[in-house]
Structures are given as C-alpha cells and as structure tokens.
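> Sequence plus the predicted model coming up.
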Number of protein chains: 2
Amino acid sequence: MARDDGKAKGDVGEGAAKKRATINDIARLAQVSKKTVSRVINRSPFVKEETRVKIEAIIEELGFAPDPQARGLAFRRSFLVGMIYDQPNPQYVVDMQQGVLEALRGSGYELVVHPCSRTSPQFLSDIRAFVERQKLYGVVLPPSASEDERLIELLDELDCHYVRIASVSLDEPASMLVTHDDAGAAEAARHLAELGHTRIAHISGPALFRSAHIRREGFVRGLKEHGLDLEARYSLEAGYTFESGADAGAKLLDMQPRPTAVFTGNDEMALGVFKAARERGLRIPEDLSVVGYDDSPMASRVWPNLTTVRLPIRDMGRMAAEKLLLQSSEDSRAAARAASDVRPALVVRESSGRPPA
Amino acid sequence: MARDDGKAKGDVGEGAAKKRATINDIARLAQVSKKTVSRVINRSPFVKEETRVKIEAIIEELGFAPDPQARGLAFRRSFLVGMIYDQPNPQYVVDMQQGVLEALRGSGYELVVHPCSRTSPQFLSDIRAFVERQKLYGVVLPPSASEDERLIELLDELDCHYVRIASVSLDEPASMLVTHDDAGAAEAARHLAELGHTRIAHISGPALFRSAHIRREGFVRGLKEHGLDLEARYSLEAGYTFESGADAGAKLLDMQPRPTAVFTGNDEMALGVFKAARERGLRIPEDLSVVGYDDSPMASRVWPNLTTVRLPIRDMGRMAAEKLLLQSSEDSRAAARAASDVRPALVVRESSGRPPA
DNA sequence: CTGAAAGCGCTTACAG
DNA sequence: CTGAAAGCGCTTACAG
C-alpha cells in the first residue's frame, strides 16, 4: 500500500527488492478490481471475454502465479495433496509418488507424504492432526491404508477428498481405483496349470491386507477353471516379507509330497521361497516353479528371473491423483467417469516351467 | 466476528459447526491480546511467566495449533520442507523420507517431495517455481542434487535453507552432511586385499555423481595401503544401473587374465556383475568375489548374499532435517554444531572370499 | 512486559 | 459482467 500513488501502470519491479507480483499488481495494470482478477484466476464464467484476455496477457507477461497460502487461507483449505501409506514396498511407494506428481504437475497442487501405521494407537489422531492442520485438499490412499474404514470415516468427517486404491471396489467409482488383483492371480494360476502342475501351493500376505485375500481367491478361481484345487495344507499365510516367505517356503518344501509350484502374494516372499529351495538343493524351475506378484525391480535382477504379475503402479498413482483433482470440478460426475480400473498382467520369465517328471 | 458479543469465556464449541479454535479464541479466554498469544506461540522471551503459563494452559486445553497457512502468509514463508532428489535408488529415497519425517514430527513442518532431473532444460526453472511459490522453509538435498552448484546458487538467491548430503564436504558444516564414501570404499579395498586378491577391478558410477569419483578414490587409497594398484584396464565407468553393471562386468570377465574381485559403486551394478558371472559359468565367490555399495534390501535377498558397504540412510535423513530446522534457531551456530558426519560400514556376507588358487 | 493498528495475498458474501 | 468492503488467522512494525 505504501506506494499506491506515483507509479503508473506498466511500471514494474524496477525498485530494489523486486518482489513477486501480486493480484493487486495485475489489477492495477489491467485497470480492473482485484476481484475481477480473482475471477479470471478461478475461471469464473462471469468475465467479459475482452477483460479476460487482457488480464490473462498481463498474468502471462509478469509470470504471475497466485500465492497458494493466501488462496488457501481465504478458501479455508490448502493446495496440498497427501499420500497416506503403510506400504512396506519402497518401490511401490516411490513409483506411486511419481505417478501422483505427474498428475499434479502444473495444477498448483503439491504432494505431502505421510507414512502411517494402522496398528499404532495414534493412527487416527495422527492423521486427523495432519489433515486438519494442513487443511489438505485430498489424499491418495494405496493399500492397505485404503482398506481402513475408520480412516475413511475420519476423512469424510474432515471433508477431505480421497481416492482409494485397492484390489477390489470398496467405494463409489468417484473415489475408487481398482486393481483387480483377483484377475492377476487367476492368470498366474492358469499359467501354472497350463504348464502341467497339479500340486500347486500358495503363500498369501497377511490377513490385514485385503489384497492377500483377493489374490488367494483369484488364484483359487484360476485353478478351478482347470479343474484344480488349492489344497488346504498347501495354502499358507505369511507377512509379505522375505523372511516370512522363506519360512513358509521351507515348510512347503519339507512336505511329502512337496508342491511342484508356488504362487506367492508378492515378489519379496517369492525370493524367500528361492532361498528355501536353494537350501534344499532344489533347482528353479526344474524342481520347483515360483511365481510372484508386483514385478518389483528385484524380479528381473535375481537368478533365475522371476515370473510375476505386474501392476502399473506409476499409472495408478497418476490416475488416482487425476481422479482426486476431478472431485472438485464443476461437473460433479467427472471423477466418477475417470478411469477406475487397472489390469494386472502376467510377466513370464525363467522361474516357472514344466513340473518335474 | 459475528458472535464476539454474548458468549463469555470458557464457552467453546457448543454451536452447530464447531470450528477449530483460533488465536482470537485463546486471547479472549486468556483475557490478553492476540499479540501476546502470538508471542507465546513463537516463544518470545518478553512474556511474563504468569501470563505465559496461563496462555499455555488454555492452548493445551483447547488443543489449539496455529494455522500454518495464516502463519505462513504473515511470515512470508511456509512451514514446508522440500526433498529435491534425482536419486535412482527407490529404497534410498523412501528411507531418507522416513528419516526426514522423523525429524519433522511434532515440529509443525511437513515434507513435500520433488524429484528432478539435473539434465532437463527446465531443471532450474522448475525448482525456482516450486521453491518460490511454496515459499519453502528449506530443502534436503541428497546426491546428486546436492552436488549441483547452480541449484545451490538458486537456493541462496531465493533465501531457502538447505542441507546438502554428499560423499565429501562441499559446504560449511551448518548446511552439510558428509557420508565419507571414500572411507567406505577404502574398507572394501582392505577387505579384498586381506582376502589375498591382487587382480582387483572397480566399476564406478556415472561421472555426474560425485560419489562415483569419491568411491573410486577411496578404493584406490585402500588398495595402496596394501601395496596394490587399480590397473587402468580394470577400472570401468558405468551408470549405477543393473544393465550397465552387467555390461561392464561382462567386459571385465572376458579379459585375460580376468580380475578375481570386483568392487562396484553400488549394489545394483554388483547384481549386474552377478549376471555376467553366471552367464560365463563363474561361481561367486569361488571364482569371483563381488563387493557392492549401499546395502540395499536386495543385497541380503540375492544368492549368494552380497558383501557391501552400508550407509545409514534413514539416520542421514533425520540428521539432515534436524540440521535444517536448527538453521533458523536463535543460536546461529546450532546448525553447524549438529552432527555432520556419517560413517559407512562394511557388511561382509557371502559374495566375497579368497581368490581362486 | 503488553496491545491497537495495519498488513500478508487472496476470496467470500453482498451490491449493483 | 464488475467492484468496494470485510474477512481468512496469523505477524510485523510501532507505541507505550
């Protein structure tokens, strides 16, 4: 306000501390009120075409971008998108972050990361403080955070947008991205069945993860199509970790007769099975076929290369964030119309083959 | 302001839309001006003990936390900390994020992630827009972003705090965390020398990464201590990736005579060497010893387990963020005094042994 | 040690 | 289609 006098329009940033332009500068130069500039920024339809063009030109020229904090304060919400996750797989997390950032690029929104633990007593209060304090626009929820109904309730209460990513639909399409893990697991089952395996085992993830159930169910369905069953003793639950996979693998391989193929709920556990096989002098795939899930970078680095099911995680992050941004669009059904489905694909490599004679 | 009348103090949140308490509520209840509340929030020493205690009690009781956006607007900077990285290793990224978040917890700051590409033409303009628009408090810079002097200049210009994480000191202690990669690489050299190897090779990372040079130098120094040289033909440059490591490994193993040990600039490339060895029917460690760098999760999952050098990446993230927060402390030397050094440690596993007879 | 005024850069009602 | 006023929740000068 200090120098609202002398300086005529067109005269910008010549002083000592060339500060960033504000909405007031734009208004002055365009000879309109700041409210009209605000309308242009917020794409209000109630601006004369001529006025809009003029203002946009000046915005462009000065490289003006509205201050997200000031806008946020007035809007009573921020331009931050959170990613709340308890994903143990770092590649998953980083890939998804990248996808989310792709969608956010140029939108004026930024990504704030927030790992959590669903089993912590502060789980909900911590997230409440985070969302409330930062007045988050919305959050992207990969599994298994996406599967927590208490969390969803909380977000609803706080009026915070969200998109849930899960193996099956848990919500309406406008806030859901489904990865159809059952289909991916069924593909793995078909692959093993077609190779001729009949003694087929499965090591699932922890019960806390919905995906663990869905993948097992899909696998069972795939086997059924080929007239095969998943025998109860060949179906073990583990923790999505390398060690738990190795333990479960050891149990399976010590059975009589032992399975000739194992499908694990993720790649980490598949590598655990590799270890158990090696310790017993069993060759992969000659003596034992192994199929994982995720197609983590390790899958193509270990020997033999791991046959696995790939999820396009980066795309998923991008799609989820795109949907999230659409939730505030004028068109109330835009978010629901945006793509909600992702298809896993089997990647056949070296770790699966015909069963031993 | 609408209901600044009737309601007496002590009467809170009984209405329909129980909004969060503001500084005005606290001031009213404490019967002081909001400015005094502000002083308490900002730990000004110029508040009577009695007044402070009273205000703090009310803040505690209402669970009041100042709005970061409003504070940010008034302060002309935000309470966001950025992590700007071009790290190819996802585990590194996630671990460091976790460490940073540990340090930020309870501080009122949040972490905004921002991957970048130093070779992109928009590298600097993109970061300028990010830092300027969000008015970041500061950024944590892992390698190789930390090594980019253009970036540092830009951050200085924008008055954005930063802590650089690098293999050698590149800056003053207040904004530097040194990982001493040369010491880690020297340990690897000693280990191989002590096992009796004399034909020792090294595959370094890309020249763009300072760590690639530092690790090579440290390795050479370690060899020298044992009277050994790194022969020029046994010293190859690759790209820190699996494939480039496999290619370089293939070249080395096709030499006559071939090296009996290889130290790679990271674990990814070490696994590439595993592949090259397997393709040639060479056993590890009987025919070839391999030592990596990073101790990525893969190192303990592959077979044979990889001998490697471990960096406490999570601790590094925490330490860097702690230092960053101290940069705005009243004590101008607090940041410089905070720990600036991290020591890598050799983890001996199965991939290294005596050279073939 | 404490407070009244003005301002950070925007937007929401409310008028016209 | 456009604008003047008030406000979002804080802090910075400036007084006392």
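Great, that's in hand. Numbers count the residues shown, from 1 in each chain, chains lettered A, B, ... in the order given.
> tell me which element A:Gly249 is part of?
Here A:Gly249 sits within helix A:242-253, counting by DSSP states H and E.
> Pull the distance from that helix to the chain's centre.
On the basis of CA atoms, centre = their mean, to the nearest Å, helix A:242-253 is displaced by 28 Å from the centre of the chain it belongs to.
> Give me the contact status of it with chain B.
Yes: counting by CB under 8 Å from any CB of the partner chain, chain B is contacted by helix A:242-253 at A:Phe242. Heads up, the C-betas are built off the backbone N, CA and C, glycines and all.
> and the gap between A:Tyr137 and B:Val40?
30 Å (CB to CB, to the nearest Å).
> residue ranges of the strands in chain A, please?
For chain A, the strands defined by DSSP state E occupy A:80-85, A:110-115, A:138-141, A:161-166, A:176-178, A:200-204, A:235-237, A:261-264, A:289-291, A:308-310, A:345-347.
> so what's A:Val113 up against?
A:Val113 sits next to A:Gly82, A:Met83, A:Tyr85, A:Gln97, B:Gln97, B:Leu101, B:Leu111, B:Val113 when contact means CB atoms under 8 Å, 6 or more residues apart in numbering or on different chains.
> Mean pLDDT added to the strands of chain A, as TSV?
Listed next are the strands of chain A as TSV, based on pLDDT from 0 to 100:
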stretch	mean pLDDT
strand A:80-85	97
strand A:110-115	96
strand A:138-141	97
strand A:161-166	97
strand A:176-178	97
strand A:200-204	98
strand A:235-237	98
strand A:261-264	98
strand A:289-291	98
strand A:308-310	97
strand A:345-347	98
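> between those strands, which gets nearest to DNA strand D?
When the strands of chain A are compared by CB to the nearest atom of the strand, strand A:80-85 sits nearest DNA strand D, at 16.1 Å.
> Show me what the closest one is packed up against.
Applying 3 or more CB pairs under 8 Å, 6 or more residues apart in numbering or on different chains; DSSP states H and E, we find strand A:80-85 packed against helix A:90-104, strand A:110-115, helix A:123-134, strand A:138-141.
> just the ones you listed: most buried one?
Mean neighbours per residue, mean count of other CB atoms under 10 Å in any protein chain shown, is largest over these for strand A:138-141, with a mean of 28.
> distance between stretch A:121-135 and the chain's centre?
20 Å.
> Verify the stated contact: A:Arg221 with A:Gly184.
No: in this structure, A:Arg221 is not within contact of A:Gly184 by CB atoms under 8 Å, at 11.6 Å.
> Among those two, which residue is more densely surrounded?
Using other CB atoms under 10 Å in any protein chain shown as the criterion, A:Arg221 and A:Gly184 rank with A:Gly184 on top: 28 against 16.
> who touches the more buried one in this structure?
By CB under 8 Å, 6+ apart, A:Gly184 lies in contact with A:Arg215, A:Gly218, A:Tyr293, A:Val309, A:Leu311, A:Arg343, A:Pro344, A:Ala345, A:Leu346.
> Quick check: it vs B:Thr308, distance?
Distance of A:Gly184 to B:Thr308, computed by CB to CB: 33 Å.
> re earlier: just the buried subset of the contacts of A:Gly184, please.
In the contacts of A:Gly184, burial by neighbour count holds for A:Arg215, A:Gly218, A:Tyr293, A:Val309, A:Leu311, A:Pro344, A:Leu346, counting by 16 or more other CB atoms under 10 Å in any protein chain shown.
> these two touch, right, the third one and A:Gly265?
Yes: between A:Tyr293 and A:Gly265 a contact is recorded at 5.8 Å, counting by CB under 8 Å.
> What's the local residue count around A:Asp182?
Neighbours around A:Asp182, by other CB under 10 Å: 22.
> That one against A:Ala212, yeah?
No: assessed by CB under 8 Å, A:Asp182 is found out of contact with A:Ala212, at 11.8 Å.
> Looking at the buried ones among the contacts of A:Gly184, which one is closest to A:Gly272?
Each of those was scored against A:Gly272 by CB to CB, and A:Tyr293 proved nearest at 13.2 Å.
> per-residue confidence for the closest one?
At A:Tyr293, the model reports a pLDDT of 97.
> Bridged to A:Leu84, which residues?
Small correction: residue A:84 is Ile, not Leu. Beta-bridge partners for A:Ile84, by DSSP bridges, are A:His114.
> residues in contact with it?
For A:Ile84, the contact set (CB under 8 Å, 6+ apart) comprises A:His114, A:Pro115, A:Cys116, A:Ile127, A:Val139, A:Val140, A:Leu141, A:Ala145, A:Leu151.
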